[in-house]
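Visitor: Model the following, please.
(one chain, ligands or ions: 1)
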Amino acid sequence: MIARTATAFPIELVVNSRPLGAITVAPAFRQRSASRISAVTTTAFSFTRSAIQSSAASKPSLTTTRETKGCCGTRKGELLTSVTGTASRQATRYTSSFTGQASASIRMCGERVTALLMAWQAAGAKRGFFPAARRGRGGAVKAPAPYDAIVLGAGGAGLMCAAVAGQRGRRIAVIDHRPEPGAKIVISGGGRCNFTNRDAAPDRYLSANPHFAKSALGRYTPGDFLEMVERHGIAWHEKTLGQLFCDGSARQIVAMLLNECSAGPVALRLGEAIRDVTHGDTRFRVETDGGCYEAPALVVATGGPSIPKLGATGFAYDLGRRFGLKVVEPRPALVPMTLPGEEALFRTLSGVAVPVVARCGTAAFAEAALFTHRGLSGPAILQVSSYWRHGQDVAIDFLPDRPTGWLREAKRSRPDATLRRLLSPLMPDRLAATLAERMGASDLLGRTRDMVLADCETRLRAWTFRPNGTEGFAKAEVTVGGISTAGLNQRDLSARHLPGLHVIGEAVDVTGWLGGYNFQWAWASGWAAAQAL
Ligand SMILES: Cc1cc2nc3c(=O)[nH]c(=O)nc-3n(C[C@H](O)[C@H](O)[C@H](O)COP(=O)(O)OP(=O)(O)OC[C@H]3O[C@@H](n4cnc5c(N)ncnc54)[C@H](O)[C@@H]3O)c2cc1C
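Guide: Numbering: from 1, shown residues only. Below you'll find the predicted structure:
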């Protein structure tokens, strides 16, 4: 039986003795259902902004996305209703005490009353949709809720894995020590999230095993992710080199993933510090400061240690080692490089950007380089930083488009020009002046010996310097290295020797180039692991 709201009347939602908010239902209905309201299907919902950061959550119009089945008792004065709209479920993840109002249609069904009640209790208690360990009468802790898998980390890989597994009917708990999911997604791509790259192919990834990423990348492609983005109505555009960005905000990608999660039984347990992870009797047990979780499968999606202030840790490596997995030495990657004192001339150029080809070993990238007060940055430098090791040289070609011998040719056609004047139209004037001065070529070209010009040309082609380091994990976009692929199955990212354990995303020794490749790996590896849960 469906009762539709006519006149608004607020019922306060009280969960674990804490007011959670208010739902508005028809007075007539309220009378009838004083002890038996079952499900509230939201038709409109809003929250105060202070409580809800997510734009999707504060949208006023919703529809029900799922129903919960189950049974238990209800008590007078406690919450007897549940809002099952997407936004309300997101909202419960963001805050434990929110205020809000909903106009609703309510379905009477004794069977469903209690399961929904429990869901709300969990929401109030722990900002998730399902309880971790429930307290019975007298406060005794009952067995943890049954999950099919626990995902550690609510970043791109963890959310994708949870969403896909949830939609396959698996009950998933996603645990993260940060209060908000997808922190790196939010700040990625300058706030617009370079969410994939059309050219994502295994040869654009660094790994001790260059073939490892093939399976996951081949089965979940940039086109698959783009299909999801479009299904959610997110406008996007292609920048250079196959890089796809949101037109609007990176938050849309987080909201999209949360929406996908809410289409299945996925519980987000945010802001919970993990105390211990153990394995025994074919089950994994995760203890947090908020509860205890058990499942036959554990997915490690806690990323790498780049940008600790965003919650990044080396947790995955410690856990991996404990479960017998090897770790390839983690290094900061896609990171600005620092220069020693003798290269101080570059520091005076701080802020100057120029298109170059940067090389390190066999890696070469034709993109912009940016001079900084500490050394060099910009896409070309970030790219080669992933390949660089201490003691190695980096070479910059400042004039990649000039043919060999062009300086001697210029001597004949413009003998009265200086090298600086010749370079000025080809690069920022400050850089032209600095390079000409550094090469000691201040004379007119016509008066400069061919051998000297040939030497200048060689230097401009491969301006070699030896960085004394990088700006480290504090500034690195990603981490090269991580859990060794040698111990993982490439099809589903499962541990070879420990059934049920999976490692996905940046935690694995698979690191993409700059330009959307790393998110594509997060999506693809998360998707691949989800197929096995
Ligand atoms: C500034 C910046 C910009 C970027 N821009 C782009 C871009 O535009 N395109 C692109 O492809 N890539 C980009 N990247 C890289 C991309 O963000 C990562 O490769 C990707 O987020 C990895 O996803 P992940 O889920 O494996 O790990 P993460 O996104 O790092 O998620 C790991 C999650 O685990 C949680 N966690 C960590 N330790 C613990 C612990 N001990 N207990 C509980 N939870 C824990 C974290 O809080 C986090 O939520 C960028 C990175 C940065 C830093």
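Visitor: Run through the residues that contact the residue in the stretch 351-500 of the chain positioned nearest to the ligand.
Guide: Residue nearest to the ligand within the stretch 351-500 of the chain: residue 477 (3.9 Å; Cβ to the nearest ligand atom). Any C-beta I mention is one placed from the backbone N, CA and C, and that applies to glycine too. Contacts for residue 477 (Cβ atoms under 8 Å, 6 or more residues apart in numbering) come out as 306, 307, 333, 334, 335, 382, 514, 518.
Visitor: Secondary structure element holding the fifth one?
Guide: I take that to be residue 335. Under DSSP states H and E, no helix or strand contains residue 335.
Visitor: need the residues of this protein near the ligand, please.
Guide: For the chain, the contact set with the ligand under Cβ under 6 Å from any ligand atom comprises 152-158, 176-178, 183-184, 187-189, 193-194, 274, 301-303, 306-307, 311-313, 315, 477-478, 505-507, 516-519, 522.
Visitor: For burial, what's the neighbour tally of residue 413?
Guide: Other residues near residue 413 come to 8 when the count uses other Cβ atoms under 10 Å.
Visitor: My read is that residue 423 contacts residue 438, right?
Guide: No. Using Cβ atoms under 8 Å, residue 423 makes no contact with residue 438, being 11.6 Å away.
Visitor: So for these two, which residue has more residues nearby?
Guide: A count of neighbours by other Cβ under 10 Å puts residue 423 above the other of residue 423 and residue 438, at 24 against 12.
Visitor: what's the burial count for residue 340?
Guide: Residues near residue 340, counting by other Cβ under 10 Å: 12.
Visitor: Tell me how far it lies from the ligand.
Guide: According to Cβ to the nearest ligand atom, to the nearest Å, residue 340 stands 26 Å off from the ligand.
Visitor: list the contacts for that residue?
Guide: 466, 467, 468.
Visitor: In ChimeraX, select just the buried ones from those residues.
Guide: In ChimeraX syntax, the buried subset of these is picked out as below (16 or more other Cβ atoms under 10 Å):
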select :467
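Visitor: Tell me the one among the contacts of residue 340 nearest to residue 394.
Guide: In terms of Cβ to Cβ, no member of those lies closer to residue 394 than residue 467, at 6.2 Å.
Visitor: Tell me how many other residues crowd the residue nearest to the closest one when sequence neighbours are not counted.
Guide: In this structure, residue 467 finds its nearest non-sequential neighbour in residue 337, 4.1 Å apart by Cβ to Cβ, 6 or more residues apart in numbering. Residues within reach of residue 337, counting by other Cβ under 10 Å, total 24.
Visitor: Dig out what residue 337 forms beta bridges with.
Guide: Note on residue 337: beta-bridge partners by DSSP bridges are residue 376, residue 470.
Visitor: What of residue 278?
Guide: If you apply DSSP bridges, the partners that residue 278 bridges to are residue 285.
Visitor: any idea how far it is from the ligand?
Guide: Residue 278 sits 15 Å away from the ligand, going by Cβ to the nearest ligand atom.
Visitor: Show me which of the residues of the chain next to the ligand are buried.
Guide: The neighbour count (16+ other Cβ under 10 Å) marks 152-158, 176-178, 183-184, 188-189, 193-194, 274, 301-303, 306-307, 311-312, 315, 477-478, 505-507, 516-519, 522 as buried among the residues of the chain next to the ligand.
Visitor: what's residue 243 in contact with, if anything?
Guide: Residues near residue 243 by Cβ under 8 Å, 6+ apart: 194, 197, 515, 516.
Visitor: Give me the pLDDT for the closest residue to the ligand within the stretch 301-450 of the chain.
Guide: Nearest residue of the stretch 301-450 of the chain to the ligand: residue 303, at 2.6 Å (Cβ to the nearest ligand atom). Residue 303 carries a pLDDT score of 97 in this model.
Visitor: go on, residue 263?
Guide: 90.
Visitor: Please name the nearest non-neighbouring residue to the residue of the stretch 401-533 of the chain found nearest the ligand.
Guide: As assessed by Cβ to the nearest ligand atom, the ligand sits closest to residue 505 within the stretch 401-533 of the chain, at 2.2 Å. Using Cβ to Cβ, 6+ apart and skipping the chain neighbours, the partner closest in space to residue 505 is residue 157 (2.8 Å).
Visitor: Show me what the helix or strand where the one you found lies is packed against.
Guide: In the assignment (DSSP H and E), residue 157 maps to helix 156-167. Judged by 3 or more Cβ pairs under 8 Å, 6 or more residues apart in numbering; DSSP states H and E, the packing partners of helix 156-167 are strand 149-152, strand 172-176, helix 251-261, strand 266-270, helix 517-530.
Visitor: where's the residue with the largest distance to the centre of the chain relative to residue 433, distance?
Guide: With Cα atoms, centre = their mean as the measure, the chain has its most outlying C-alpha, relative to the mean C-alpha position, at residue 447: 57.2 Å. According to Cβ to Cβ, to the nearest Å, residue 447 and residue 433 sit 19 Å apart.
Visitor: pretty sure the residue nearest to residue 467 is touching residue 381, no?
Guide: Yes. Counting by Cβ under 8 Å, residue 381 is a contact partner of residue 337 at 5.8 Å.
Visitor: show me what contacts residue 185?
Guide: By Cβ under 8 Å, 6+ apart, the residues touching residue 185 are 155, 156, 193, 250, 253, 254, 257, 519.
Visitor: Can you report how many residues lie near the fifth one?
Guide: As a burial measure, residue 253 scores 28 neighbours (other Cβ under 10 Å).
Visitor: Show the contacting residues for it.
Guide: Neighbour list for residue 253: 182, 185, 193, 195, 229, 234, 246 [criterion: Cβ under 8 Å, 6+ apart].
Visitor: which non-adjacent residue is nearest the first one?
Guide: Pointing back at residue 182 there. Leaving aside its chain neighbours, residue 182 sits nearest to residue 254 (3.9 Å; criterion: Cβ to Cβ, 6+ apart).
Visitor: Does the one you found touch residue 188 like I think?
Guide: No. Between residue 254 and residue 188 there is no contact under Cβ under 8 Å: 10.1 Å.
Visitor: List the contacts of the residue of the stretch 301-450 of the chain closest to the ligand.
Guide: Applying Cβ under 8 Å, 6+ apart to residue 303 gives the contacts 153, 155, 157, 184, 312, 316, 479, 505, 506, 507.
Visitor: gap between the residue lying closest to it once chain neighbours are set aside and residue 246?
Guide: Using Cβ to Cβ, 6+ apart and skipping the chain neighbours, the partner closest in space to residue 303 is residue 506 (4.4 Å). Distance from residue 506 to residue 246, counting by Cβ to Cβ: 20 Å.
Visitor: cool, and residue 393?
Guide: Counting by Cβ to Cβ, the separation of residue 393 from residue 246 is 38 Å.
Visitor: How about residue 427?
Guide: Distance from residue 427 to residue 246, counting by Cβ to Cβ: 33 Å.
Visitor: neighbour-wise, which of these two wins?
Guide: Between residue 427 and residue 246, counted using other Cβ under 10 Å, the more crowded position is residue 246 (22 against 19).
Visitor: residues touching that one, list them.
Guide: By Cβ under 8 Å, 6+ apart, the residues touching residue 246 are 189, 192, 193, 195, 229, 234, 235, 236, 252, 253.
Visitor: Show the contacting residues for the closest residue to the second one other than its chain neighbours.
Guide: Put plainly, it is residue 192. Excluding its sequence neighbours, the residue lying closest to residue 192 (Cβ to Cβ, 6+ apart) is residue 245, at 4.5 Å. Residue 245 makes contact with 189, 192, 193, 194, 195, 236, 237, 238, 239 under the criterion Cβ under 8 Å, 6+ apart.
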